[in-house]
Structure formats: structure tokens, C-alpha cells
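# take this sequence and fold it.
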Amino acid sequence: MVAAIGSSGAVSAASSASSGSSSQIAALQKQITAAQKELTESQKGTQTEASQKLQQQLAQQIQALQAQIAQLQAAAAQQAAQQASQTASSADTATSPAQSTSSTLGSIIDTQA
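Numbers count the residues shown, from 1 in each chain. Sure thing, here's the model as predicted:
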């Protein structure tokens, strides 16, 4: 029962961390969409040196935004893994005293018999 409580606490902590990352990722994705639309619009019509420069800048901006999303996803995955590891560790710690008490009682009963 102790392990279950600990697990749900870690799950909710991971969920809140994940939702923070999710909102940041959603905002970055909106920026990407806007940049892609602008890039598409800039590709219509006559290509000038200025329009080509703008297209290059927009492409670089899109790549930078995609890299930020990848970093956020990696950080969220790492944080979730750490929290899962801590939860497992906490569950082991919580069950250890019970196992210890059980073996002590067994020894007492053996001695009295």
C-alpha cells in the first residue's frame, strides 16, 4: 500500500512536469506553423534576393524551434525516468522495514520453539 501511494505521487509529479513541457511544446509548434505559413507565402511570386534571404531566415528559425522542441522532449523524458527511478527506490525503502520485521519475528518464534 505504501508503494502505491508513493507511485501515484510520482506519477502526478511527472504529469505536472509533463504538462508544463507540453504547453511549451505547443507554443513552439504554433510558432513553427506561423513561420511555415510565412515561408510558403514568401515563396509565391517573383524570387528576389530579399525574398530568398527571408526564406533562408525562416527555414533557420523553423529548425531552431524544432531543436527546442527536441530538447524539451528529451528533458521531459529524462525527468520522468528519474522520477520513476526515485519512486522505485522509495517503494523498495518502504517495503524493507516490513521484510526486516518479518525476519526478526521468524527468529523469535524459532527461538521460542
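
# low-confidence bits of this protein, can you list those?
Along the chain, segments meeting pLDDT under 70 span 1-19, 92-113.

# swap the cut-off to 50 and go again
The chain contains residues with pLDDT under 50 at 1-14.

# tell me where it has helices.
Under the criterion DSSP state H, the chain contains helices at 2-42, 49-112.

# from Ala84, how far out is Ala64?
The gap separating Ala64 from Ala84 is 31 Å, by CB to CB, to the nearest Å. C-beta coordinates here come from the backbone N, C-alpha and C atoms, glycine included.

# what does Leu58 give?
39 Å.

# give me the more crowded residue out of these two.
Higher neighbour count among Leu58 and Ala84: Leu58, with 20 against 14, using other CB atoms under 10 Å.

# OK, contacts around the closest residue to that one other than its chain neighbours?
Spatially, and ignoring its direct neighbours in sequence, Leu58 is nearest to Leu39 (4.3 Å; CB to CB, 6 or more residues apart in numbering). Contacts here follow CB atoms under 8 Å, 6 or more residues apart in numbering; on that basis Leu39 touches 55, 58-59, 62.

# take these and lay them out in JSON lines including distance to Leu72.
Listed next are these as JSON lines, based on distance: CB to CB, whole Å:
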{"residue": "Gln55", "distance to Leu72": "26"}
{"residue": "Leu58", "distance to Leu72": "21"}
{"residue": "Ala59", "distance to Leu72": "21"}
{"residue": "Ile62", "distance to Leu72": "16"}
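
# and the buried ones among the residues you listed, selectable in ChimeraX?
Restricted to buried positions by 16 or more other CB atoms under 10 Å, the ChimeraX selection for the contacts of Leu39 reads:
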select :55,58,62
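
# closest one to Gln31 out of the contacts of Leu39, please.
Nearest to Gln31 among those, counting by CB to CB, is Ile62 at 8.7 Å.
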